[in-house]
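Enquirer: sequence and computational prediction follow.
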Amino acid sequence: MQLTDEALLARLVAFDSTSHRSNLDLADFISEYVDRPGVRVARNHSADGRKVNLVVTAGPADADRGGLLLSGHMDVVPPGGGWESDPFKLVRARDRYVARGACDMKGFVALALNRFVDRASKPLRRPLSLVFTYDEELGTLGARRLAETWNASAPLPRSAIIGEPTSLAVARMHKGHLKVRVTLSGESAHSGYPHLGRNAIEPAGPVLVALAALRAEMAAERPAYGEFFGKVPFPSLSVGTIVGGTALNVVPERCVIELGIRLLPGMSSDEAVERVRATVAAVADAVVEGIGDSPPMVLAETAPVYRTLACHLGQHETRAVSFATDASWLQRLGLDCAIWGPGSIEVAHKPNEGLPVAEFVRAGELLDTLVWEST
């Protein structure tokens, strides 16, 4: 039985699909919801089998890779404190739907599912596909897994919409998020006899100073595409965590600094890691390694999916977003990925995350049009 968009959104947010949990129960629900004659559901599991990407397709094969693909992630960030209602129960508060994931991004997932179910019940001229991923919030891990393991003999529609919250503006590029770890090693000893050990935390001071200088250096740069990123037209570096020591009476033998770098399209992750490595090496002996990469992405302005969305929206200027999405990895499957969806990224990951009802409705109406035009 097909639910209304609102009822389906309520069912989706009721699943606690926080990234540290398995998403198999939510994937099972989605698989059952789309199950009907002619619908193919492929499961692409994580290496440990605890999580899964879903690839759902209806319609004929198309050698030219026509049709349309709609994509979203199934995971959400932890709810945290400060909520005025149960974060896993959809509440309508005046003009907004409130729940964890309502905006980022189960609102779009609900709309995509219902458009798929509706269209798949009638003959299709071209294929319609859904791609729902796991662990986007941990660094686009599911999309990377799919890009690296998907069977190339089963091509997907080239035109893809990644339904991240963009307040219904279409973006054709985004920054990446490179994660880097700096590990400083020492030698433990009783703090009463510090000469018998070597403190791993103390050299972190000069490392932090050097990283701050690198951050300022990057902030002064103006790489390609910078003009599309508003007040942050440069690669931004942020030290996120520092962990060191075990007790006050023990000379610490290890200190770990982790940082993130938001690279612009065209910038190399490998080169950025080397840049951090050289910066740290100038002041301390440390191991520097990349520990996660959501690459930046840019879509050609001439891509049909982008032009179609921009035309329907009456949008004439190029938009970009400063957060990473699954688009960067899905693009490696030969997809043209446009970023578009209801809701604002400014409320994502916050308590009382909300999705404007009017945007939800408008997004559904536009998806109706796009799906029927494309398939």
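Expert: Now that the structure is in, tell me what you want to look at. Numbers count the residues shown, from 1 in each chain.

Enquirer: all contacts plus neighbour counts: C-alpha atoms, from now on.
Expert: Fine.

Enquirer: mind listing what's buried in stretch 185-202?
Expert: Of the residues in stretch 185-202, 185-186, 188-189, 191, 197-201 count as buried by neighbour count, 16 or more other C-alpha atoms under 10 Å.

Enquirer: I meant to write stretch 154-164 there.
Expert: Counting neighbours by 16+ other C-alpha under 10 Å, one finds that the buried residues in stretch 154-164 are 155-164.

Enquirer: among the residues you listed, which are located in helices?
Expert: When the buried residues of stretch 154-164 are checked against helices (DSSP state H), there are no matches.

Enquirer: so which of those comes closest to residue 313?
Expert: Compare each of the buried residues of stretch 154-164 with residue 313 using C-alpha to C-alpha and the shortest gap goes to residue 161, at 14.2 Å.

Enquirer: beta partners for the closest one?
Expert: For residue 161, the residues forming beta bridges with it (DSSP bridges) are residue 70, residue 338.

Enquirer: please tell me how far it sits from residue 359.
Expert: Shown here: residue 161 relative to residue 359, a distance of 16 Å by C-alpha to C-alpha, to the nearest Å.

Enquirer: and the end-to-end length of stretch 323-343?
Expert: Using C-alpha to C-alpha, the two ends of stretch 323-343 sit 14 Å apart.

Enquirer: same deal with stretch 43-61?
Expert: Counting by C-alpha to C-alpha, you get 19 Å between the two ends of stretch 43-61.

Enquirer: which of the buried residues of stretch 154-164 lies closest to residue 11?
Expert: Here the nearest of the buried residues of stretch 154-164 to residue 11, counting by C-alpha to C-alpha, is residue 163; it sits at 18.4 Å.

Enquirer: what strands line up against the helix or strand bottoming out on mean pLDDT in the chain, and which way round?
Expert: Scoring the helices and strands of the chain by mean pLDDT, DSSP states H and E places strand 189-190 at the bottom, with a mean of 91. According to DSSP bridges, strand 189-190 forms sheet pairs with strand 250-251 (antiparallel).

Enquirer: right, and the helix or strand after the strand it pairs with?
Expert: Using DSSP states H and E, the helix or strand that directly follows strand 250-251 along the chain is strand 254-262.

Enquirer: which elements pack onto the next helix or strand after that following strand?
Expert: The helix or strand immediately downstream of strand 254-262 is helix 269-281, counting by DSSP H and E. Contact analysis of helix 269-281 by 3 or more C-alpha pairs under 8 Å, 6 or more residues apart in numbering; DSSP states H and E lists helix 204-219, strand 287-294 as its packing neighbours.

Enquirer: sorry, back to before: of the buried residues of stretch 154-164, closest to residue 343?
Expert: If you rank the buried residues of stretch 154-164 by distance to residue 343 using C-alpha to C-alpha, residue 164 comes first, at 8.2 Å.

Enquirer: measure that closest one to residue 361 for me?
Expert: As judged by C-alpha to C-alpha, residue 164 and residue 361 stand 16 Å apart.

Enquirer: ok, back up a step: return the subset of the buried residues of stretch 185-202 lying in strands.
Expert: With strands identified by DSSP state E, the entries of those that belong to them are 185, 189.

Enquirer: save the buried residues of stretch 185-202 as TSV, and put in distance to residue 337 too.
Expert: Written out in TSV, the entries for the buried residues of stretch 185-202 read as follows (distance: C-alpha to C-alpha, whole Å):
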residue	distance to residue 337
185	43
186	46
188	50
189	54
191	56
197	53
198	50
199	48
200	44
201	44
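
Enquirer: now for the buried residues of stretch 185-202: which two are most distant?
Expert: Among the buried residues of stretch 185-202, 185 and 191 lie farthest apart (C-alpha to C-alpha), at 16.5 Å.

Enquirer: and what about the spatially most central residue of the chain, helix, strand or coil?
Expert: The residue at the geometric middle of the chain, judged as the C-alpha nearest the mean C-alpha position with C-alpha atoms, centre = their mean, is residue 325 (3.5 Å). Here residue 325 is coil, with the state taken from DSSP: H, G, I helix; E, B strand; the rest coil.

Enquirer: which pLDDT value belongs to it?
Expert: The predicted structure scores residue 325 at 97 on the pLDDT scale.

Enquirer: equivalent analysis for the one 3 residues further on, please.
Expert: Residue-level confidence at residue 328 comes out at 95, pLDDT.

Enquirer: again, but for residue 360
Expert: At residue 360, the pLDDT value in this model is 98.

Enquirer: which other helices and strands contact the helix or strand encompassing residue 183?
Expert: Here residue 183, judged by DSSP H and E, is contained in strand 177-185. Judged by 3+ C-alpha pairs under 8 Å, 6+ apart, strand 177-185 is in contact with strand 254-262, strand 287-294.

Enquirer: thank you kindly, that will do.
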